[in-house]
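Asker: Sequence plus predicted model, see below.
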Amino acid sequence: MSAWWYLTRSSGIVAMVLAVTALFWGLMFSARATGNRLRPAWWLDLHNWLGGLTLLFTGVHILASFADHNSGIGLKQIFVAGQASYQTTAITFGVLATYAFAAVVLTSWPKLRFRRKTWRMVHLLSLPAAALAGIHAYQVGSDQQTTLFRSLLVILVGIAVFPVALRLLDLATRRRDS
Amino acid sequence: MTSPSGPPTSSSMTTEERLARLAERRAGNPTGPRSAATSARPSPSDPATWKRAKRRHPAKGSRIAALGLSIAATSAMSFAFANADAAHAASLKKSVLAKIRATTVTAVKTTATTPAATTPAATTPAPTTPAATATAKADATAGGTFTGAVSSNRWGPVQVKITIAAGQITNVRAIQTPASKPKSVRINDRAVPMLKSEALTAQSAQINTISGATYTSDSYALSLQSALDAASAADVTVA
């Protein structure tokens, strides 16, 4: 039994949880629903950190699957979408989600170098990226049939959908008021 | 409108006063509550102020907590997966061994010395009688073909047939694999050749699990072990 495989599974799940948490933090921040108890700077700082951690654990997930000689994942499968010999669609989703997360995180570090609109458009990629990561996890994950994993996915979907709805309502309210 | 005493607060200032204050700040003459912060800005030419220029992280504690939690969760899940797999393999092994005991030997052995006997029809798995086992023992020296017990898992049955010649496993063929879903077929199309390669390399049932095909791997190993047990019962051993 390969230890790399266990690491692949666990780091993938943790990366997905981190991605959804970062999404939640960012959307709550942008919807100005952070309350008064904690400063906006705190929310933003933690959001940035969670985004970075998501990318870090996604990297661990990819490296572990590469190191596991039974996974069938090589450099080509990691970097080029649609190259996996099995579960092609689901692994392609994972590759695309990784690229999107990388773009979101890396463009946030030198954020000021980008035009606000450009940065915003790239940043919005985190939404489809999280969805792709979720589908990837559900389709490829070895634990997809376990109740715990399914429950976790349902909870994560709920956590992701709530701030999205909040943000959309916030946008609608602002447009109506302006 | 201004407050009767003390410095003016932002809510008590008129728009004109605010604009005047802003203009003063922009002109480099800061006044009011922010003047201290402005004057504390680090100077690039003064090394003493460099430390203050370091970026501050308001959520430093939470950052450390998030990192720690993530690492702990990854480690804990890795251990949990390992333990769950070990428990799963143990339960499968137990059930297969129970089946083996119940049927004495579930494999049909045919010797290599009789080529006709190695045809698929001749090696169809069926409960063997003591007489058949005794015949197998008599012809055991040159090896033979042995069919392992069916090891079922949540995705379906797995059964392998092995060929032993001169004390070596020369071929392993999966005669049953889970095929109830297209996904299972896709997974096993990839996993079964790898499992065969693992078995031929290991020359035993101690094979690595194939990622993404855990259940098939465990069942494959157990069916392989039962085939080896059947061979052993017929005095055909793998060196």
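Answerer: Yep, that arrived.
Asker: Tell me the residue of chain B that sits nearest chain A?
Answerer: residue B:77 (3.5 Å; Cβ to the nearest Cβ). Quick note: C-beta positions are derived from backbone N, CA and C, even for glycine.
Asker: Correct me if wrong: that residue contacts residue A:12.
Answerer: No - using Cβ atoms under 8 Å, residue B:77 makes no contact with residue A:12, being 9.7 Å away.
Asker: and the two? which has more neighbours close in?
Answerer: residue A:12 (27 against 19; other Cβ atoms under 10 Å in any protein chain shown).
Asker: from what I can see that one touches residue A:134, true?
Answerer: No - under the criterion of Cβ under 8 Å, residue A:12 is not in contact with residue A:134, lying 11.2 Å apart.
Asker: about what we covered before: how about the residue of chain B closest to chain A, phi and psi?
Answerer: Note on residue B:77: its backbone torsions stand at phi -70, psi -40 [degrees, to the nearest 10].
Asker: show me what contacts it?
Answerer: For residue B:77, the contact set (Cβ atoms under 8 Å, 6 or more residues apart in numbering or on different chains) comprises A:6, A:9-10, A:13-14.
Asker: try it again with 6 Å
Answerer: Going by Cβ atoms under 6 Å, 6 or more residues apart in numbering or on different chains, residue B:77 touches residue A:10.
Asker: Residue A:137 too?
Answerer: With Cβ under 6 Å, 6+ apart, residue A:137 has these contacts: residue A:16.
Asker: Okay, it and residue A:107: tell me how far apart.
Answerer: Going from residue A:137 to residue A:107 by Cβ to Cβ, to the nearest Å gives 24 Å.
Asker: now residue B:85
Answerer: 40 Å.
Asker: repeat for residue B:73
Answerer: Counting by Cβ to Cβ, the gap from residue B:73 to residue A:107 is 27 Å.
Asker: and the next element down the chain from the helix or strand containing residue A:122?
Answerer: According to DSSP states H and E, residue A:122 maps onto helix A:116-123. Using DSSP H and E, the helix or strand that follows helix A:116-123 in sequence is helix A:126-140.
Asker: can you pull the buried residues of that following helix?
Answerer: A:126-127, A:129-130, A:132-134, A:136-138, A:140 (16 or more other Cβ atoms under 10 Å in any protein chain shown).
Asker: Report the central residue of chain A.
Answerer: Residue closest to the average C-alpha location in chain A (Cα atoms, centre = their mean): residue A:19, at 3.4 Å.
Asker: Just confirm it is within a helix.
Answerer: Yes - checked against DSSP: H, G, I helix; E, B strand; the rest coil, residue A:19 lies within a helix.
Asker: isn't it right up against residue A:132?
Answerer: No - here residue A:19 does not reach residue A:132: they are 10.2 Å apart, not a contact under Cβ atoms under 6 Å.
Asker: quick one on the thing from earlier: buried ones in the helix holding residue A:122, by neighbour count?
Answerer: A:119, A:122-123.
Asker: residues touching the residue of chain A found nearest chain B, list them.
Answerer: Of all residues in chain A, the one sitting closest to chain B is residue A:10 (3.5 Å; Cβ to the nearest Cβ). If a contact means Cβ under 6 Å, 6+ apart, then residue A:10 has B:74, B:77-78 as its contacts.
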